[in-house]
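Participant: let me see the structure of the following:
(chains A, B, C and D)
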Protein chains: 2
Amino acid sequence: MKTAQAVDTLAALAQETRLSIFRLLVEAGPRGMNAGAIAAALDIPPATLSFHVAQLSRAGLTDARQDGRFVFYAANYAAMDELIAFLTDNCCQGGGACLPKTAAAATSAKRRARAGVAA
Amino acid sequence: MKTAQAVDTLAALAQETRLSIFRLLVEAGPRGMNAGAIAAALDIPPATLSFHVAQLSRAGLTDARQDGRFVFYAANYAAMDELIAFLTDNCCQGGGACLPKTAAAATSAKRRARAGVAA
DNA sequence: TTTATGTTTCCATGATTATCGAAATGATGC
DNA sequence: GCATCATTTCGATAATCATGGAAACATAAA
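Facilitator: Take a look at the predicted model:
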């Protein structure tokens, strides 16, 4: 993950409403939730929801899937994985300084290996 | 880490210049760098540097230490650790979905235990 | 085809953020 | 004290972002 992409992803999450949306979608699982349901759950006007969801999508944090006249949004776990990998690799002295010892050893290398398969 | 704090921390990092500053400080190690050196390294005017460093500090991502007439800033690894813990715990289906298996098992519980000591 | 429902786009508004020169503040040595 | 260097605050400007009503668009049922 390049720096510019990391900034975009961080910016997408650095907003109360969007973070709430993303967390809701993580809870919802792979099936996701349709726009109206998200808006209802968080009590957000449709236009506002659409605006924020668009930003999450643009950052690659959510996937959209049309189902009838509903649009289901789902959290993209791989994107979050990449962000965490970026933070551990680039903002933690080579992946070691900010993680418990056992996790640190595995994280950097395994994440990169996994990224090659998944992304 | 509470949601509001997570948003603040994410926002602090979600900006090209500030992310560069933080990464520079991570490289610099615990001793850190004084404001002028950071500004010189990244070619930023003093006022702009001060503005961004203040935001990083406000978010708890950097510590400041006065040394003579210099002010040294250092990366706060614990804050980054907390952010990563928040993301894995709250944005990854209970810490599992976004991490390699081996790391995931250790991460959530150990981070929380560690947080109890450090924070 | 009309009607109903879900979602997005358009648009205007207010709020926040980034930038940086100039001036002020703080710290040290003479 | 005064001179010097490091850093921050002030203040103005431009740009970006968040909000949400109204209208447009899309899909499906009657």
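Participant: which residues of chain A lie near DNA strand D?
Facilitator: A:11, A:15-18, A:44-48, A:51-52, A:55, A:66, A:68-69 (CB under 7 Å from any atom of the strand). C-beta: built from backbone N, CA, C; applies to glycine.
Participant: hang on, A:Gly60 packs against A:Thr9?
Facilitator: Yes - counting by CB atoms under 8 Å, A:Gly60 does reach A:Thr9; the two are 7.0 Å apart.
Participant: between these two, who's got more neighbours?
Facilitator: More crowded of A:Gly60 and A:Thr9, by other CB atoms under 10 Å in any protein chain shown: A:Thr9, with 22 against 19.
Participant: confirm that that one sits in a strand.
Facilitator: No - applying DSSP: H, G, I helix; E, B strand; the rest coil, one finds A:Thr9 to be helix, outside a strand.
Participant: residues in contact with whichever helix or strand A:Arg18 is part of?
Facilitator: A:Arg18 belongs to helix A:16-28 when assigned by DSSP states H and E. If you take CB atoms under 8 Å, 6 or more residues apart in numbering or on different chains as the criterion, helix A:16-28 is touched by A:12-13, A:32-33, A:38, A:41-42, A:44, A:48-49, A:52-53, A:55-56, A:61-62, A:73-75, A:77, B:3-4, B:6-7, B:10, B:90-93, B:97.
Participant: what's the answer for stretch A:41-60, then?
Facilitator: With contact meaning CB under 8 Å, 6+ apart, stretch A:41-60 is reached by A:5, A:8-9, A:11-12, A:15, A:17-18, A:20-22, A:24, A:33, A:35-36, A:38-39, A:62-64, A:73, A:76, A:79.
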